[in-house]
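Chemist: I would like to see how this sequence folds:
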Amino acid sequence: MTMEESGTLHVTQISERLRIPRPRMTQLIDRLVNLGMVKRQRNSRDRRTINVMLSTKGKAFLKKHRNMIRDSIKMTLSCLSTEELADLSSSLRKLRDIFSRLQ
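Modeler: Next comes the predicted model:
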C-alpha cells in the first residue's frame, strides 16, 4: 500500500490494498493514531465514514525511512556491474508486468 503523503484514504481502501482484514486494520490505525503518525478525519461527503491521513510526524517518518531504504539498496547493489544492473532492471520490469496481469 502507498498512501499519498497529502491525501486521505478510507479504512476499507487501506485494508484492501494491504490485504489486512478490516477489524485488524482498525486496531493498527488506532496504534498509529496513538503514536501520532496518522489522523482520523470525517469524510466531507459522508459524515458516517472516517478517512485516515498521514500526520506531519507520519510524513517525516516515511520520508526518513524511504531515504534509509534507498541508501541501503544503493549500497547493496553497488557491487553489481552495469550489465548486472541492466539485467536486474529488466527482470524487475518483467515481474511487475506479470504481477499487474495477475491482479
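
Chemist: residue 52 falls within a strand, correct?
Modeler: Yes - assessed with DSSP: H, G, I helix; E, B strand; the rest coil, residue 52 lies in a strand.

Chemist: contact partners for it?
Modeler: 3, 8-11, 14, 29, 32, 38-41 (CB atoms under 8 Å, 6 or more residues apart in numbering). Heads up, the C-betas are built off the backbone N, CA and C, glycines and all.

Chemist: mind doing that once more with 10 Å?
Modeler: 3, 7-11, 13-14, 25, 29, 32-33, 37-41, 58 (CB atoms under 10 Å, 6 or more residues apart in numbering).

Chemist: these, buried ones only, as a ChimeraX selection?
Modeler: Remark: buried members of the contacts of residue 52, expressed as a ChimeraX selection using 16 or more other CB atoms under 10 Å:
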select :3,8,9,11,14,25,29,32,37,38,39,58
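
Chemist: specify the residue ranges that define each domain of the protein.
Modeler: 1-54, 67-103 (automatic domain parsing).

Chemist: weakest of those in terms of mean pLDDT?
Modeler: Confidence, taken as mean pLDDT, is least for domain 1-54 of those (a mean of 83).
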